[in-house]
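Colleague: Only the shape, not the letters, is given here:
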């Protein structure tokens, strides 16, 4: 590309973190499953409304998903003992 910028990998890193959160933090299989779900969502969402809306689908889904299941797809439910 001829140019190096310090923000070159920012969106990629943010989407990798999003995939890990969707799958469940600390669970490798969950992170892979989250990446597949995120990729399919971006692909189908971009096909219907245009590719410029891919990031909106990704982060909007993250917000909605965390309100329903905050531990992720394969995350464990943690109970506190008093």
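Modeller: Great, that's in hand. Quantities reported herein were computed from a predicted structural model and do not represent experimental measurements.

Colleague: helices or strands up against the top helix by length along the chain?
Modeller: If you go by DSSP state H, the chain has its longest helix at helix 28-49. Helix 28-49 sits against helix 10-23, helix 54-68, with contacts defined as 3 or more CB pairs under 8 Å, 6 or more residues apart in numbering; DSSP states H and E. Every C-beta, even on glycine, is put in place using the N, C-alpha and C of the backbone.

Colleague: Helix 10-23 and that one, what's the angle between them?
Modeller: 120 degrees (axes from the mean of the first three to the mean of the last three CA atoms, to 10 degrees).

Colleague: the inter-axis angle of helix 28-49 versus helix 54-68?
Modeller: 130 degrees.

Colleague: buried sites along helix 28-49?
Modeller: 30, 31, 33, 34, 35, 37, 38, 41, 42, 45, 46 (16 or more other CB atoms under 10 Å).

Colleague: For residue 5, state which of those residues is nearest.
Modeller: residue 42 (22.9 Å; CB to CB).

Colleague: residues touching that closest one, list them.
Modeller: Residues in contact with residue 42 (CB atoms under 8 Å, 6 or more residues apart in numbering) are 54, 57, 58.

Colleague: quick one: which of those is most hemmed in?
Modeller: residue 58 (21 neighbours; other CB atoms under 10 Å).

Colleague: That one contacts residue 38, correct?
Modeller: Yes: using CB atoms under 8 Å, residue 58 is in contact with residue 38, at 5.9 Å.

Colleague: shared neighbours of those two, anything?
Modeller: 15, 18.

Colleague: quick one: pLDDT of residue 13?
Modeller: According to the prediction, residue 13 has pLDDT 90.

Colleague: give me every residue that touches it.
Modeller: Applying CB under 8 Å, 6+ apart, no residues contact residue 13.

Colleague: Please report the distance of it from residue 19.
Modeller: Distance, residue 13 to residue 19, using CB to CB, to the nearest Å: 11 Å.

Colleague: same thing with residue 48?
Modeller: 21 Å.

Colleague: ditto for residue 53
Modeller: From residue 53 to residue 19 the distance is 18 Å (CB to CB).
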